[in-house]
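In: I would like to see how this sequence folds:
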Amino acid sequence: MAKWLVVSDSHGGLSPLSRLKNKHPDVEGLLFLGDGLSELHRYSGGFKQVAAVKGNCDFMANAPEEMILSLGGQKVYLCHGHQWSVKSGLMSLCLRARELGATVALFGHSHRYTEEFCQGVFMLNPGAFASGSYAVLTLTPDTIKAERFFV
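Out: This next block holds a predicted model:
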């Protein structure tokens with residue numbers, strides 16, 4: 001079983017992140033979905049593992065726009081979502097995730113918590129961390145579970 005903290009869109013408000021490791025001591029690491037990378041290094045030190053992609057507001061960030069990870073027996077696609085126009089719908093993102101063979105797609109950008117399936121892909125937006133929203137994603141080879149939390 002793999003348990004991961006999923007955060008996006010902190011926009012300068014990432015300082016509460018350092019407290020979340022104590023609130024969720026069983027998480028393996030942090031998945032950051034963009035828009036706040038400039039402050040990520042300051043507050044992510046308590047996590048064993050950190051994976052991050054850049055968002056549309058991460059102008060100078062040296063991070064990829066998308067990545068695929070194998071976590072808990074699932075293939076997980078990370079992106080910010082702006083490149084797939086997620087504010088207008090999730091089909092482009094869904095098709096990209098399927099193209100890459102992902103079973104889970106994590107994204108941000110819209111600042112709206114979203115949890116749904118699209119053509120067999122579990123789609124999760126943890127909401128905007130700037131508004132206090134984040135998620136814990138639990139993965140096994142057979143199950144995908146997301147829980148929403150607030151700071």
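In: Which parts of the protein are helices?
Out: 17-23, 37-43, 91-99 (DSSP state H).
In: can I get the ones you listed in TSV with mean pLDDT, distance to residue 52 and mean neighbour count?
Out: To be clear about C-beta, it is placed using only N, CA and C from the backbone, and glycine gets the same treatment. Listed next are the helices of the chain as TSV, based on pLDDT from 0 to 100; distance: least, C-beta to C-beta, whole Å; neighbours: other C-beta atoms under 10 Å:
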stretch	mean pLDDT	distance to residue 52	mean neighbour count
helix 17-23	88	12	16
helix 37-43	89	6	16
helix 91-99	98	18	17
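In: now for those, which one comes closest to residue 125?
Out: helix 91-99 (9.7 Å; C-beta to C-beta).
In: List of residues touching the closest one?
Out: 66, 77, 79, 81, 84-86, 104-105, 107, 118-121, 123 (C-beta atoms under 8 Å, 6 or more residues apart in numbering).
In: Give me the buried entries from those.
Out: 66, 77, 79, 81, 84, 86, 104, 105, 107, 118, 121, 123 (16 or more other C-beta atoms under 10 Å).
In: could you dump the helices of the chain to CSV with distance to residue 30?
Out: Below are the helices of the chain laid out as CSV (distance: least, C-beta to C-beta, whole Å):
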stretch, distance to residue 30
helix 17-23, 8
helix 37-43, 8
helix 91-99, 20
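In: Relative to residue 6, tell me which of the ones you listed wins on proximity.
Out: With C-beta to C-beta as the measure, helix 17-23 is the member of these nearest residue 6 (10.9 Å).
In: Sort out for me which of the buried ones among the contacts of helix 91-99 are in strands.
Out: Of the positions in the buried ones among the contacts of helix 91-99, 66, 77, 79, 104, 105, 118, 121, 123 sit in strands, assigned by DSSP state E.
In: tally of neighbours for the residue lying closest to residue 1 once chain neighbours are set aside?
Out: In space, and not counting its chain neighbours, residue 1 is closest to residue 140: 5.1 Å by C-beta to C-beta, 6 or more residues apart in numbering. Counted by other C-beta atoms under 10 Å, the residues lying close to residue 140 total 12.
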